[in-house]
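Peer 1: Have a look at this fold, sequence not included:
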């Protein structure tokens, strides 16, 4: 295995989720001294029981022809604008530089389906125009057109690791000199089809999720988008953190259940650390996938306990819900914020250690000089991805 | 310039038939593609729509019945072509010496849309209480890769790329970056789409329905098709030129057409498309290869055009490029060499 690739700088971050609208809001709620419980005002506690961002009105004000199918695209656009602001990049920079975009989503491109398919499936024969919109509906292509980007454009559909994989692919584009900068991460709006699908798998909790808690009983779904801006080391912009490595591995075990010994996660972590040239003992904290399902947390938690006993564990889905294809991007943003601020957030929802797992995520904000962190993502299809991020030198 | 990455095996499925031999035979002037007619109900009555439809695939007996039963049609299509590519490259039934070193990339435009339609239909018509978790899992876009990794035992990096017509080139790029960065020694790369009822439904609403696909015609001759091309890409560290051909470049947004002796265009019969290709490539029509008339119009048809280009390089030794222009004029290119 080849090791120690040239590090890539993370020069901007942007996010929108149950943790807050924009990076500054997320930082205040996750890492600030104030009580972080204020995030509930962003959430829909109604029947559907998932964190739902209420953004239709501002969207319609900006995009009068907005329709629900474009929601993931617009969510990504808001996160990207936040990230561009964070990096100090403006539209002139986007025209001057070769900027690529690589986004992850589990449903990107299928978002226009519900309305048309409902009519079609109930025997009506609607005009096919919405289908053509659906065929063209792709978050990465939408953003590239909206911002006039000149670099590569790609959408990754790797279920719940999509956002992390998009960041890994973005870094490979920089290493291959395909572009000067990449906007990468994930975006997701939770469709009813997705809600019912997770219900059919009996994976949804009836209350906000409790990652790694002994009494956890499933996941809470959530809308969100998280994006980082990657540039080659030496960019004129000041890095917030450094991307040191990326790895991916497959369980080849079951379509919807992780391998009990986290086989693919092990390969992904080894690969990311080998690229970073960092031994496991140097990992200061891990932003875990932590969906709060019995099987995910058991496999992931035992793997961490066995391989990273020194690392602090942070689980953020108790704040954001599981944002599926956006999760890897969103959690990469949170990891960057923690590295740059020297603070780890509370793992909301966690209360009691599960003796079958044996790890104890953060119970309060913790402060320290964190140099090296991992962000884990596990997804349907047995896919596992790990990002290794480091403090700015 | 990419070095030492080669296509060491291919698999094929389209209206021409299942297997590379069917493709080679058709290109040599043999078997014509399978054109079938579908009756499509619209608000204005029933319309007959021609489509290029692939035959139902035959999976080898080694694939357990329990696995076959869970596979969607598109998963079976991908499975058959991947097994063919792996067999050509690694030998029949060869054990995988290090499954963690074999990556898997799937490229698709519409992915598992058929399963998604079915899941949605049951949700609407039958309610949510009895929804099938298996069907839900099959409707997730990366379920093709999931089925392949489980049944073939592929444990390396895995990725599904769905960027509409750019999926072919994006998927190739992911694969060669993994090989170049030593994340894998081989990558199984499978790209394609299946015909779903929505394809014919869209065509049925056109004022005129083409009966024959001619990618060089000035007007629209789109006839919906389907197919999968599979490739086994291998890093060839000092072993000389093995396999079918080498990959020299995968360009996701080139400014000009690669300078190679032959060019293959991924045109598929859209109105005015051929003239745009001619202008961008900068050559007369008879110096440009194009084969969509064999397999029909579909989002990732460029994968089959690339497969044909690879076979041509293998046969006559000339460097070639498969190029694609989106309807917005964005270009992608793959350069193949001996």
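Peer 2: Looks like it arrived, so ask away. Bear in mind the structure is a predicted one, so any value in this text is a computation, not a measurement. Numbering: from 1, shown residues only, chains lettered A, B, ... in the order given.

Peer 1: these two touch, right, residue A:77 and residue A:144?
Peer 2: No. Using CB atoms under 8 Å, residue A:77 is not in contact with residue A:144, being 11.0 Å away. Just so you know, the C-beta spots here come from the backbone N, C-alpha and C atoms, and that holds for glycine as well.

Peer 1: Please report how far the closest residue to residue B:22 other than its chain neighbours lies from residue B:141.
Peer 2: Among residues not flanking residue B:22 along the chain, residue B:16 sits closest, at 5.0 Å (CB to CB, 6 or more residues apart in numbering or on different chains). To residue B:141, residue B:16 is 27 Å away according to CB to CB, to the nearest Å.

Peer 1: Looking at these two, which one has more neighbours?
Peer 2: Legend: neighbour count by other CB atoms under 10 Å in any protein chain shown for residue B:16 and residue B:141, higher for residue B:141 (32 against 27).

Peer 1: Tell me how many other residues crowd the closest residue to the more buried one other than its chain neighbours.
Peer 2: Nearest non-adjacent residue to residue B:141, counting by CB to CB, 6+ apart: residue A:157, 3.7 Å away. For residue A:157, the count of nearby residues is 31 (other CB under 10 Å).

Peer 1: list the contacts for residue A:157?
Peer 2: Going by CB atoms under 8 Å, 6 or more residues apart in numbering or on different chains, residue A:157 touches A:104, A:105, A:106, A:108, A:325, B:111, B:141, B:142, B:160, B:161, B:162.

Peer 1: List the backbone torsions phi and psi for the residue nearest to residue B:22.
Peer 2: Dihedral pair for residue B:16: phi -70, psi -20, per degrees, to the nearest 10.

Peer 1: Tell me the confidence at it?
Peer 2: As predicted, residue B:16 sits at a pLDDT of 95.

Peer 1: And the helix or strand hosting residue A:59, what's buried?
Peer 2: Residue A:59 belongs to helix A:56-62 when assigned by DSSP states H and E. For helix A:56-62, burial by neighbour count (16 or more other CB atoms under 10 Å in any protein chain shown) applies to residue A:59.

Peer 1: And stretch B:317-326, by the same measure?
Peer 2: For stretch B:317-326, by 16+ other CB under 10 Å, it's B:319, B:320, B:321, B:322, B:323, B:324, B:325.

Peer 1: and which of those is nearest to residue B:83?
Peer 2: Using CB to CB, residue B:322 comes nearest to residue B:83 of the buried residues of stretch B:317-326, at 23.8 Å.

Peer 1: Please state the backbone phi and psi of that closest one?
Peer 2: Dihedral angles (degrees, to the nearest 10) for residue B:322: phi -100, psi 120.

Peer 1: ok, now the one 3 residues further on?
Peer 2: Per-residue torsions, residue B:325: phi -120, psi 130 (degrees, to the nearest 10).

Peer 1: in the sheet, who's paired with it?
Peer 2: residue B:331 (DSSP bridges).

Peer 1: what about it, distance to residue B:262?
Peer 2: 17 Å.

Peer 1: now residue A:232
Peer 2: 35 Å.

Peer 1: One more: residue B:100?
Peer 2: Separation of residue B:100 from residue B:262 (CB to CB) stands at 37 Å.

Peer 1: Neighbour count: those two, which is higher?
Peer 2: Here residue B:100 and residue B:262 are compared on neighbour count by other CB under 10 Å; more neighbours surround residue B:100, at 22 against 18.

Peer 1: Now do the contacts for the more buried one.
Peer 2: Residues near residue B:100 by CB under 8 Å, 6+ apart: A:249, A:267, B:155, B:156.

Peer 1: For burial, what's the neighbour tally of the last one?
Peer 2: Pointing back at residue B:156 there. Neighbours of residue B:156 under the rule other CB under 10 Å: 27.

Peer 1: That one falls within a strand, correct?
Peer 2: No. Looking at residue B:156 with DSSP: H, G, I helix; E, B strand; the rest coil, it is coil, so not inside a strand.

Peer 1: So for it, what's the nearest residue that isn't a sequence neighbour?
Peer 2: Residue B:156 sits nearest to residue B:103 (CB to CB, 6+ apart), 4.1 Å away.

Peer 1: What is the helix or strand containing residue B:80 packed up against?
Peer 2: Per DSSP H and E, residue B:80 falls inside helix B:73-90. Judged by 3 or more CB pairs under 8 Å, 6 or more residues apart in numbering or on different chains; DSSP states H and E, helix B:73-90 is in contact with strand B:5-14, helix B:113-126, helix B:143-152, strand B:186-193, strand B:227-235.

Peer 1: Tell me the helix or strand right after the second one.
Peer 2: Spelled out, it's helix B:113-126. Next helix or strand after helix B:113-126 toward the C-terminus (DSSP H and E): helix B:133-139.

Peer 1: Let me know the average pLDDT across that next one.
Peer 2: 90.

Peer 1: now do stretch B:226-240
Peer 2: pLDDT averaged over stretch B:226-240 gives 87.

Peer 1: ok, now stretch B:243-262?
Peer 2: 95.

Peer 1: do that stretch and chain A meet at all?
Peer 2: Yes. Legend: contact between stretch B:243-262 and chain A by CB under 8 Å from any CB of the partner chain is shown at B:252, B:253.

Peer 1: residue ranges for the helices of chain A, please.
Peer 2: Under the criterion DSSP state H, helices of chain A are mapped to A:23-31, A:56-62, A:71-87, A:91-96, A:113-121, A:129-136, A:139-147, A:162-175, A:192-200, A:263-276, A:294-307, A:317-320, A:327-341.

Peer 1: buried set for the third one?
Peer 2: Read that as helix A:71-87. Buried residues in helix A:71-87, counted by 16+ other CB under 10 Å: A:71-84, A:86-87.

Peer 1: Confidence-wise, which of those residues comes last?
Peer 2: For those, the pLDDT minimum is residue A:71, 81.

Peer 1: Now for the closest residue to that one other than its chain neighbours, how many residues are close by?
Peer 2: Spatially, and ignoring its direct neighbours in sequence, residue A:71 is nearest to residue A:189 (4.3 Å; CB to CB, 6+ apart). Residue A:189: 28 surrounding residues under other CB under 10 Å.

Peer 1: Does residue A:189 touch residue A:76 like I think?
Peer 2: No. The criterion here is CB under 8 Å, and residue A:189 misses it with residue A:76 at 10.0 Å.
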